[in-house]
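Novice: no sequence for this one, just the structure:
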RNA sequence: GCCUGGGUGGGGUAGCUGGUCAUCCUAUGGGACUGUGGAUCCUACGACUCGGGUUCGAAUCCCGACCCGGGCCCCA
């Protein structure tokens, strides 16, 4: 084997593709029914789009190159930034809210492991123009719905960055970010150490630790006691209230930080078993990126589903399409081609292209799991008919081509 | 970038305490079978991931690279 596919990439064979397309269509259907329109952005963008959003630090994980015009180009490592760029570039004046979905490949230069590849696929949704809990709730509900339609069950964790941020408001922004990162990692020791380092007020530290440790039915109430009457808390309460209306099961988790600095309010993640260390199949939240890309400040909410991870664990299986094989003899090959062409208007039809003998053609039909075989022989043609053989029962009857077509398109 | 386990025909394997044509199963192509399918038989095809080193001799031992699995970092 001389040339292999690059590391972290995959080939998808017909069997696998059938399954992927099936799951993809389930996700698409869900997004469409909820009123989201499909969009597509370029495979590559100016690299600033991603460094602006995520910092220079991500350069190490980006596939980038200089094009012949000396422009720094990056293969998209994710799709939220391109969508917002698209919005700022051509949709700022359109009626709100804007609801988009997308399904595309992304590229990251990372060490591959279970559920992680260098070329991977994200199915995402963004709603632009609303900062209300209604849109946050809708987005979360849609995420759950999509996974459900793909046959995946997961644990939904919901948090709100505004709450922890409010608690940290007297701390310098850089320190805040560092703290959020440690919180997200659930690295309590590291967090304590860092708070020591920056001499964080003792009283605040206690509240922070209690806040991020909250869970269970009383979490919300205790959170309110810890934070007092703040805007973020009210928003969060309204959101959870709506999630109940949607009938969702969730866990309050104020320790979610999503690793990034641009999320502003609600954040959520969905975890699944059976994926090893990469157990997050979906993540998202509300954010404000439009301004960063030169547009007006616009609230948005969205998420991305790790499509490859869904494929890894999903239960849904497409049913195999019915297929038939037209078999013929040396002296009826041409007639058979014409008949196959007609039958293809109604059913998935194969015809021999290997110059095989009659018997081997039937054997092949058996190998590929054909439900029927249409026999085109001299005897049949003389009668103006063909023979339709049921591969399950072995029975066979003489029919006109039209009758066969009718029978098989059921 | 780091740690860890592993790479033998298309798939699955034996050999791996160095030494006959590298084993077996399966898949695939052709044939036995000139108008009827999962069987059988024959035949063809096809592998030691790559590069160095040790040795008279390496699939086997050593080193490196590449790739795969799992984990760490990261996870937009």
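Specialist: Now that the structure is in, tell me what you want to look at. These figures come from a predicted structure and were not determined experimentally.

Novice: State which helix of chain A is the longest.
Specialist: Longest helix in chain A by number of residues (criterion: DSSP state H): helix A:14-33.

Novice: Measure how far the following helix or strand past it is from the centre of its chain, please.
Specialist: For helix A:14-33, the following helix or strand on the C-terminal side (DSSP states H and E) is strand A:37-38. In terms of C-alpha atoms, centre = their mean, to the nearest Å, the centre of strand A:37-38 is found 14 Å from the chain centre.

Novice: before we move on, what about stretch A:118-138?
Specialist: 11 Å.

Novice: first vs last residue of it, how far apart are they?
Specialist: One end of stretch A:118-138 to the other measures 31 Å (C-alpha to C-alpha, to the nearest Å).

Novice: Enumerate the positions of it that are buried.
Specialist: Using 16 or more other C-beta atoms under 10 Å as the test for burial, stretch A:118-138 gives A:118-133, A:135-138. Using the backbone N, CA and C atoms, a C-beta is placed for each residue, glycine as well.

Novice: residues of the helix or strand harbouring residue A:177 that come out buried?
Specialist: Counting by DSSP H and E, the element that carries residue A:177 is helix A:173-184. Going by neighbour count (16+ other C-beta under 10 Å), the buried part of helix A:173-184 is A:176-184.

Novice: From the buried residues of stretch A:118-138, which land in strands?
Specialist: Residues of these located in strands (DSSP state E): A:119-128.

Novice: Now distance to RNA strand B too, for the residues you listed, in CSV please.
Specialist: Putting those into CSV (distance: C-beta to the nearest atom of the strand, whole Å) gives the following:
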residue, distance to RNA strand B
A:119, 10
A:120, 10
A:121, 14
A:122, 9
A:123, 13
A:124, 10
A:125, 13
A:126, 12
A:127, 16
A:128, 16
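
Novice: CSV for those residues, including pLDDT?
Specialist: Output for these, formatted as CSV (pLDDT from 0 to 100):
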residue, pLDDT
A:119, 93
A:120, 94
A:121, 95
A:122, 96
A:123, 97
A:124, 97
A:125, 97
A:126, 97
A:127, 97
A:128, 97
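
Novice: And the helix holding residue A:177, what does it pack against?
Specialist: Helix A:173-184 is packed against helix A:161-167, helix A:188-197, helix A:202-212, with contacts defined by 3 or more C-beta pairs under 8 Å, 6 or more residues apart in numbering; DSSP states H and E.

Novice: Residues touching the longest helix of chain A, excluding its own?
Specialist: Outside helix A:14-33, the residues that touch it by C-beta atoms under 8 Å, 6 or more residues apart in numbering are A:12, A:38, A:101, A:103, A:123, A:125, A:142, A:145-146, A:149-150, A:305, A:307, A:310-311, A:314, A:316-318.

Novice: anything in the worst-scoring helix or strand of chain A on mean pLDDT near RNA strand B?
Specialist: When the helices and strands of chain A are scored by mean pLDDT, DSSP states H and E, helix A:173-184 comes last with a mean of 84. Yes: judged by C-beta under 7 Å from any atom of the strand, helix A:173-184 comes into contact with RNA strand B at residue A:181.

Novice: Tell me the bridge partners for residue A:98.
Specialist: Beta-bridge partners of residue A:98, counted by DSSP bridges, are residue A:128.

Novice: Mean pLDDT for the helices and strands packed on helix A:173-184 - can I get that in TSV?
Specialist: Formatted as TSV, the helices and strands packed on helix A:173-184 follow (pLDDT from 0 to 100):
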stretch	mean pLDDT
helix A:161-167	88
helix A:188-197	87
helix A:202-212	88
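
Novice: right, and these - which one's nearest residue A:43?
Specialist: helix A:161-167 (30.7 Å; C-beta to C-beta).

Novice: care to break chain A down by domain?
Specialist: Following automatic domain parsing, one gets these domains for chain A: A:14-313, A:323-408.

Novice: Distance to residue A:7 added to those, as a markdown table?
Specialist: Formatted as a markdown table, the domains of chain A follow (distance: least, C-beta to C-beta, whole Å):
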| stretch | distance to residue A:7 |
| --- | --- |
| domain A:14-313 | 6 |
| domain A:323-408 | 34 |
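
Novice: now the helices for the stretch 301-410 of chain A?
Specialist: A:307-313, A:333-343, A:358-367, A:378-382, A:401-408 (DSSP state H, counting those that start in this stretch).

Novice: winner for burial among these?
Specialist: helix A:307-313 (a mean of 21; mean count of other C-beta atoms under 10 Å).

Novice: from the chain's centre, how far out does it sit?
Specialist: The mean C-alpha position of helix A:307-313 is separated from the chain mean by 9 Å, C-alpha atoms, centre = their mean.

Novice: Residues in contact with that helix: which ones?
Specialist: Outside helix A:307-313, the residues that reach it (C-beta under 8 Å, 6+ apart) are A:19-20, A:23-24, A:27, A:103, A:114-115, A:117, A:120-123, A:147, A:150, A:152, A:272-275, A:278, A:280-281.

Novice: related to what we said a few turns ago, tell me the angle the longest helix of chain A makes with strand A:119-128.
Specialist: Following axes from the mean of the first three to the mean of the last three C-alpha atoms, to 10 degrees, one obtains 0 degrees for the angle between helix A:14-33 and strand A:119-128.

Novice: So is helix A:14-33 next to RNA strand B?
Specialist: No: if you take C-beta under 7 Å from any atom of the strand as the test, helix A:14-33 misses RNA strand B, and the best it gets is 12.8 Å.

Novice: How about residue A:299: what's its closest non-neighbour residue?
Specialist: Distances taken as C-beta to C-beta, 6 or more residues apart in numbering put residue A:131 closest to residue A:299, at 3.5 Å, once the chain neighbours are dropped.

Novice: Kindly report the same for residue A:235.
Specialist: That would be residue A:133: by C-beta to C-beta, 6+ apart, it lies 5.8 Å from residue A:235.

Novice: thought that neighbour was touching residue A:232?
Specialist: No: Residue A:133 lies out of contact with residue A:232 (C-beta atoms under 8 Å); the separation is 11.2 Å.

Novice: Tell me who's in contact with the nearest residue to residue A:292 once chain neighbours are set aside.
Specialist: Computed as C-beta to C-beta, 6+ apart, the closest residue to residue A:292 that is not its neighbour in sequence is residue A:52, at 5.7 Å. By C-beta under 8 Å, 6+ apart, residue A:52 lies in contact with A:81, A:292-293.

Novice: quick one: residue A:52 and residue A:173, what's the gap?
Specialist: From residue A:52 across to residue A:173, the span is 17 Å (C-beta to C-beta, to the nearest Å).
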